[in-house]
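**Q** Dropping the sequence and predicted coords here.
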Amino acid sequence: MDLDSYAFTFEMSVRDYECDIQGIVNNSVYQNYLEHVRHEYLKHVGIDFSEYARQGVNLVVVRAELDYKYPLAPGDSFVVGLNMRRESALKFAFYQDIFRMGDNRLILKGKIIGTALNQHGRPEIPEALAALLSPCQ
């Protein structure tokens with residue numbers, strides 16, 4: 001794991017109630033982890049997710065691609081690495097990877113595609129958010 005290749009990293013730990021009967025993190029919980037880190041990243045770069053919503057701008061997920069590589073279990077600590085990039089004129093993507101701390105094992109690779117909807121429900125990426133995005137590739 002080379003955390004220097006990520007624009008943002010965030011450490012977390014598995015809570016017992018996030019695990020299923022098999023004793024591993026339930027697959028839906030990973031989406032919560034990724035969402036939390038996206039919100040933390042936006043705060044870190046000065047984008048107030050809640051303020052956008054109050055202004056009628058809603059950042060929404062339109063697609064989630066998750067490749068589960070290895071499960072997390074109770075007590076595991078992990079780090080989520082995040083990079084953000086423009087995917088098209090109206091879409092952006094968060095590339096997020098989860099690594100277990102201690103052995104740096106890759107747990108999950110994710111690509112979350114989103115857009116911003118203006119107060120009329122039309123896609124429109126706000127200037128402050130657009131400024132964070134690297135060009136389409």
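**A** All right, it came through fine.
**Q** Got phi/psi on S5?
**A** Backbone torsions for S5, taken as degrees, to the nearest 10, come to phi -80, psi 0.
**Q** Now for it, how many residues are close by?
**A** Using other Cβ atoms under 10 Å, the number of residues around S5 comes to 10. No exception for glycine: its C-beta is placed from N, CA and C like everyone else's.
**Q** Can you list the helices and strands that the lengthiest helix in the chain packs against?
**A** Criterion DSSP state H: the longest helix present in the chain is helix 29-44. Applying 3 or more Cβ pairs under 8 Å, 6 or more residues apart in numbering; DSSP states H and E, one finds that helix 29-44 contacts strand 8-13, helix 49-54, strand 58-68, strand 77-86, strand 92-100, strand 106-117.
**Q** Just give the nearest non-adjacent residue to G56, would you?
**A** Q119 (3.1 Å; Cβ to Cβ, 6 or more residues apart in numbering).
**Q** What helix or strand is that neighbour located in?
**A** Counting by DSSP states H and E, there is no helix or strand that carries Q119.
**Q** I98: how many residues sit nearby?
**A** 25.
**Q** quick revisit: which ones are touching the residue nearest to G56?
**A** Contact analysis of Q119 by Cβ atoms under 8 Å, 6 or more residues apart in numbering lists Q55, G56, V57.
**Q** same deal with S5?
**A** G81, N83.
**Q** Would you double-check that L129 falls in a strand?
**A** No - checked against DSSP: H, G, I helix; E, B strand; the rest coil, L129 lies outside a strand; its state is helix.
**Q** ok, it touching L90?
**A** No - taking contacts as Cβ atoms under 8 Å, L129 lies outside contact range of L90: 11.7 Å.
**Q** Perfect, that will be all.
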